[in-house]
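K.L.:
Sharing a model that was predicted from the sequence below.
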Amino acid sequence: INALALWIGRETRWGTWMVEFVFLFISSMLCFHILRQLYGLVPALLSTIVWLAGLKTVLQGGNLTEEYSLLFNFAAVSMYVYEFRHGKTRFLAFGIGFAFAASFLFRPNNIGVFLAILIAWTFMALLHRDWRLLFERLSFFVIVVLIPIFGMAFYFLKIDALGQMLEAS
């Protein structure tokens, strides 16, 4: 991400700022969209403003992996809400799995959203006694999660830096 940002900003800090802004802007729009669907305009607007105001304290100046990971967390929640409201769509598990892999590769300890989705899928399977749907969702999810994670691991193994990557994360 930083290499892309430096290329965009022609090796200045402005490229990093622009990439951070784009990630946070899309994250805030996804958050607003989800909350508006679930709770209406005013609660969505107020909630989005509050979390963005509090984000300044968390980010401590910026360029932290948390702000990049947020986009994928909100994307996963958005897909889950869409699936919940519009019926049993097995293929959104692909998108949620990709979002998990991307979020995990940015920040391995930011898995709470995805654990919540997996738990919700499990409870829904219990309520509706639809184990086949749960198995399909989990299968799609796991396959899509493993592909980028193994791809990244293979890349770092190839450049003889897998141990350093694991230690750093």
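P.N.:
Good, I have the coordinates.
K.L.:
C-alpha only now, for contacts and for neighbours.
P.N.:
OK.
K.L.:
packing partners for the helix-or-strand element of the chain with minimal mean pLDDT?
P.N.:
Of the helices and strands making up the chain, the lowest-confidence element is helix 2-8, at a mean of 84, by mean pLDDT, DSSP states H and E. Counting contacts by 3 or more CA pairs under 8 Å, 6 or more residues apart in numbering; DSSP states H and E, helix 2-8 is packed against helix 13-39.
K.L.:
Any buried residues in the helix it packs on, and which?
P.N.:
Buried residues in helix 13-39, counting neighbours by 16 or more other CA atoms under 10 Å, are found at 15-16, 19-20, 23-24, 26-28, 30-36.
K.L.:
Pull out the CA atoms of the next helix or strand after it and give them to me as CSV.
P.N.:
The helix or strand immediately downstream of helix 13-39 is helix 41-59, counting by DSSP states H and E. Presented in CSV, the C-alpha positions along helix 41-59 are these (Å, rounded to 0.1, in the frame of the first residue of the first chain):
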residue,chain,number,x,y,z
LEU,A,41,-31.1,8.3,8.0
VAL,A,42,-30.6,10.2,11.3
PRO,A,43,-29.2,7.3,13.3
ALA,A,44,-26.9,6.4,10.4
LEU,A,45,-25.6,10.0,10.0
LEU,A,46,-25.0,10.5,13.7
SER,A,47,-23.3,7.1,14.1
THR,A,48,-21.1,7.6,11.2
ILE,A,49,-20.1,11.1,12.4
VAL,A,50,-19.3,9.7,15.9
TRP,A,51,-17.1,6.8,14.8
LEU,A,52,-15.2,9.1,12.4
ALA,A,53,-14.7,11.6,15.2
GLY,A,54,-13.4,8.9,17.5
LEU,A,55,-11.2,7.5,14.7
LYS,A,56,-8.7,10.3,15.1
THR,A,57,-7.8,9.1,18.5
VAL,A,58,-7.3,5.5,17.4
LEU,A,59,-5.2,6.3,14.3
